[in-house]
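Undergrad: Predicted coordinates and the sequence they were generated for:
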Amino acid sequence: MAQLIASDIQSALENASWIRRMFEAGAELKRQRGAENVFDFSLGNPDVPPPQKTRDVLHALADDAVRPCGLGYMPNAGLSDFRAALAQKLTQEQALPIEGKHVIVTVGAAGALVAFFRAILEWGDEVLVPAPYFVEYGFYCGHFGGILKPVPMQGPDFALDPEALLAAVTERTRVILLNSPNNPTGAIYSPEALQRLAQAVTALNATRERPIYLLSDEPYRLFAFDGAQVPPMLPLSPYAVVLGSFSKSLSLAGERIGYIAFNPALEGIDTLLAAVTMTNRTLGYVNAPILGQRLAMALLDEQVDLTIYDERRQAMARVLTEAGLTFTLPKGAFYFFPKVPDGDDVAFCATLMEHGIIAVPGRGFGMPGYIRLCCAVERDIIERSAAAFKEACR
């Protein structure tokens, strides 16, 4: 048979994401048993309704859209008024003054990552990431010759280990990619660990022609519980870069609105801004959706009801505790990452599926021996899964 596609894409198809694989298995199980008899914790799809104000904003946007060029092209970096408003919000979150010109609006946080990697990676460059990690990172940098290099984080809470990351740095290291609150563990990295890492990277960069960027992926920034705080990243280094989206905080995942923001102190920042703006365009995104931008701008001071997610988090903790599973209560995001009883995460997921539970093996996140459970599902589903968890663990 003729080779119709690239060999690396063929390999990716044959080794599909464990998240997608389990989601599809769950869909088949629902067809066989009925959706009410399946407890699907596979996919991180935010289901809490957007803020109530969203309805009124959408009506206003519908009236505005029919004017000439109401839905036309815009600057590749995003609407200028949205960038300015977003810069004000990020100035507060990041504890560092930034202007609209330091922010680029992207097609989701994923689009921000892809555009940034295209702008700064050479073939063979390394992207270090604490493991466990979001599996798509490997594809995002791999499209442009980047090599994802996981560095395992130890301990029950998977706290950031700056020394382990620094020990993995080589001449080809270009990015240290952090995700806090973390998917899949829910860990929030401490300010002390981030400070140690940033200081060491700053010292390294003083000796390097091609600096290492500290890239912070923050789509779950607002999802912090029990009084936890997500430390600001931008002030720690001129080479710090922050990106995020409104997919989770406003339940606007389908609108694909994200952003990437830079420290104004970076020497040569205008060149980097121009490069990411260009890659944002030439990768085929052209610009982020205009209605999504206007919607997000109108809702910048809003957020989904986090108490719903917290109630689900507490319910999941009770279910897993009663089943006898070992886990660290996540400080953020909406995932649990419990340890499997016998160490074989794939076999345990198969056992769970026999009892109607869909989970994702930890090896899909670079950490075998664990499973990921997403609690962005109705509380009733979590609570009704208790008996099934007990039986599976037994």
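TA: Received the coordinates, thanks.
Undergrad: where along the stretch 251-394 of the chain do the helices fall?
TA: 269-280, 290-298, 306-323, 345-354, 379-384, 386-393 (DSSP state H, counting those that start in this stretch).
Undergrad: from these, which stretch is densest packed?
TA: Most buried of the helices of the stretch 251-394 of the chain by mean neighbour count (mean count of other Cβ atoms under 10 Å) is helix 290-298; its value is a mean of 21. From N, CA and C alone the C-beta is placed, and that goes for glycine too.
Undergrad: Any chance you could list what contacts that one?
TA: 53-54, 57-58, 60-61, 64-65, 71-72, 74, 78-79, 81-82, 85-86, 105, 246, 250, 252, 255-257 (Cβ atoms under 8 Å, 6 or more residues apart in numbering).
Undergrad: what about it, average pLDDT?
TA: Helix 290-298 shows a mean pLDDT of 95.
Undergrad: cool, and stretch 149-158?
TA: Per-residue pLDDT over stretch 149-158 has a mean of 93.
Undergrad: Please spell out which residues along it are buried.
TA: By neighbour count, and taking 16 or more other Cβ atoms under 10 Å as the criterion, the buried residues in stretch 149-158 are 149-151, 153, 157-158.
Undergrad: which pair in the residues you listed spans the largest distance?
TA: Taking every pair in the buried residues of stretch 149-158 and measuring Cβ to Cβ, the maximum separation is 22.3 Å, between 149 and 157.
Undergrad: could you say what helices and strands the helix or strand containing residue 28 packs with?
TA: Secondary structure assigned from DSSP states H and E places residue 28 in helix 18-33. Taking 3 or more Cβ pairs under 8 Å, 6 or more residues apart in numbering; DSSP states H and E as contact, the helices and strands that helix 18-33 lies on are strand 39-40, helix 345-354, strand 357-358, strand 360-361.
Undergrad: How far does that helix sit from its chain's centre?
TA: Between the centre of helix 18-33 and the centre of its host chain there is 22 Å, according to Cα atoms, centre = their mean, to the nearest Å.
Undergrad: Can you point out the buried residues in that helix?
TA: 18-19, 21-23, 25-26, 29-30.
Undergrad: With just CA atoms, put it into PDB.
TA: This file holds the C-alpha atoms of helix 18-33, laid out as PDB (Å, rounded to 0.1, in the frame of the first residue of the first chain):
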ATOM      1  CA  TRP A  18      -4.600   7.200  26.100                       C
ATOM      2  CA  ILE A  19      -7.100  10.000  26.900                       C
ATOM      3  CA  ARG A  20      -8.700   9.700  23.500                       C
ATOM      4  CA  ARG A  21      -8.500   5.900  23.600                       C
ATOM      5  CA  MET A  22     -10.300   5.700  26.900                       C
ATOM      6  CA  PHE A  23     -12.800   8.300  25.900                       C
ATOM      7  CA  GLU A  24     -13.700   6.200  22.800                       C
ATOM      8  CA  ALA A  25     -13.900   3.100  24.900                       C
ATOM      9  CA  GLY A  26     -16.200   4.900  27.300                       C
ATOM     10  CA  ALA A  27     -18.500   5.900  24.400                       C
ATOM     11  CA  GLU A  28     -18.700   2.200  23.300                       C
ATOM     12  CA  LEU A  29     -19.400   1.100  26.800                       C
ATOM     13  CA  LYS A  30     -22.200   3.700  27.100                       C
ATOM     14  CA  ARG A  31     -23.700   2.300  23.900                       C
ATOM     15  CA  GLN A  32     -23.600  -1.200  25.300                       C
ATOM     16  CA  ARG A  33     -24.800  -0.600  28.900                       C
END
